[in-house]
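Enquirer: model this:
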Amino acid sequence: MKTVIVIPTFNERKNIREVLSTLFRLDPKFDILVVDDNSPDGTADIVKELQGVYPNLNLLSRKEKEGLGSAYVAGFKHALKSGYEAIVQMDADMSHDPKEVVSLVSELKESDMAIGSRYISGVNVVNWPIQRLIISYVANIYTRLVTGLPVKDATGGFKAWRREVLEAIDLDHVRSQGYSFQIEMSYRAWLKGFRITEIPIIFVDRTVGESKMTYSIMLEAAVMIPRLRLWKLFRWHR
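Expert: As a prediction, the model looks like this:
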């Protein structure tokens, strides 16, 4: 299955070298697409340097910071246009263990979408403040109750997709960012009838660089969740 790993970046200079070198050590044949939102810290320069070492490394440079969801949509469109059959999405800060990429893609033999889940087997999160952990855990319970989406980790960002799923979702109508982007994409896939699998992962919070999580992102998710329910009731989704 022809696979690409899509990694969005904004000011990840301190992390990007490690995550890319780790992935290519695991499998030099990985295809990786970094989507950079004009990081002022020079993240794209590091990627360009590494392109001289790793021929399967590609860079999609955008003119300005447009948000996580927009970066993923741009990466997904590029992957579909390039003919990839499986698309993996993951963070650039080593929070997602690169070793789990193979496991996620393997799940696509029986499923249409696979989620690396922090909550499918207990709570597997390391280095988060207890307040953030509680917010995340409760947000996922709230999402299940309101939308009916049958996954334990709707806000997780470590996923693998069959191209057919992304083709069926109208990416031009995906507007949300952050947590809400992760929820919206999984919800759209579920409404289309695709098979979703969760596999347990251990999420280790970044040790280098600054988190992109903000209160505005959390507020967006809180507003988006009931809106998704309305989409289903009134068939506004596409």
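Enquirer: element containing the residue most central in space within the chain?
Expert: In the chain, the residue lying closest to the centroid (CA atoms, centre = their mean) is G157, at 3.4 Å. Assigning secondary structure by DSSP states H and E places G157 outside every helix and strand.
Enquirer: Give the residue spans of this protein that score low on pLDDT.
Expert: 178, 206, 209-222, 229, 231-238 (pLDDT under 70).
Enquirer: And the strands in it, which stretches?
Expert: Using DSSP state E, the strands of the chain run over 3-9, 31-36, 57-61, 86-89, 113-117, 125-126, 159-162, 196-200, 203-204.
Enquirer: got TSV for the ones you listed, with distance to L171 too?
Expert: Heads up, the C-betas are built off the backbone N, CA and C, glycines and all. Converted to TSV, the strands of the chain look like this (distance: least, CB to CB, whole Å):
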stretch	distance to L171
strand 3-9	13
strand 31-36	14
strand 57-61	15
strand 86-89	12
strand 113-117	15
strand 125-126	29
strand 159-162	11
strand 196-200	18
strand 203-204	26
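Enquirer: re earlier: and for the residue nearest to the centre of the chain, nearest residue in space, chain neighbours not counted?
Expert: Q182 (5.4 Å; CB to CB, 6 or more residues apart in numbering).
Enquirer: do K2 as well
Expert: E85 (4.7 Å).
Enquirer: circling back to that earlier point, shouldn't the residue nearest to the centre of the chain be in contact with M185?
Expert: No - counting by CB atoms under 8 Å, G157 does not reach M185; the two are 9.7 Å apart.
Enquirer: Relative to I169, how far out is the residue nearest to G157?
Expert: Separation of Q182 from I169 (CB to CB, to the nearest Å) stands at 13 Å.
Enquirer: Over to V47?
Expert: For V47, the distance to I169 - CB to CB - is 27 Å.
Enquirer: Who has more neighbours out of these two?
Expert: For V47 versus I169, neighbours defined as other CB atoms under 10 Å are more numerous around V47 (26 against 23).
Enquirer: picking that back up, what's the closest of the strands of the chain to S103?
Expert: strand 196-200 (5.9 Å; CB to CB).
Enquirer: tell me the angle that closest one makes with strand 113-117.
Expert: If you take axes from the mean of the first three to the mean of the last three CA atoms, to 10 degrees, strand 196-200 sits at 30 degrees to strand 113-117.
Enquirer: Would you give the sheet partners of strand 196-200, along with the direction of each?
Expert: Strand pairing for strand 196-200, using DSSP bridges, gives strand 113-117 (parallel).
Enquirer: before we move on, the earlier item: now do the phi/psi pair for the residue nearest to the centre of the chain.
Expert: Dihedral pair for G157: phi -110, psi 10, per degrees, to the nearest 10.
Enquirer: go on, K2?
Expert: According to degrees, to the nearest 10, K2 has phi -70, psi 120.
Enquirer: For P55, give its distance to V35.
Expert: Using CB to CB, we find P55 at a distance of 19 Å from V35.
Enquirer: Pick out whichever of the two has more residues nearby.
Expert: For P55 versus V35, neighbours defined as other CB under 10 Å are more numerous around V35 (25 against 9).
Enquirer: surely the more buried one meets I5?
Expert: No - between V35 and I5 there is no contact under CB under 8 Å: 11.1 Å.
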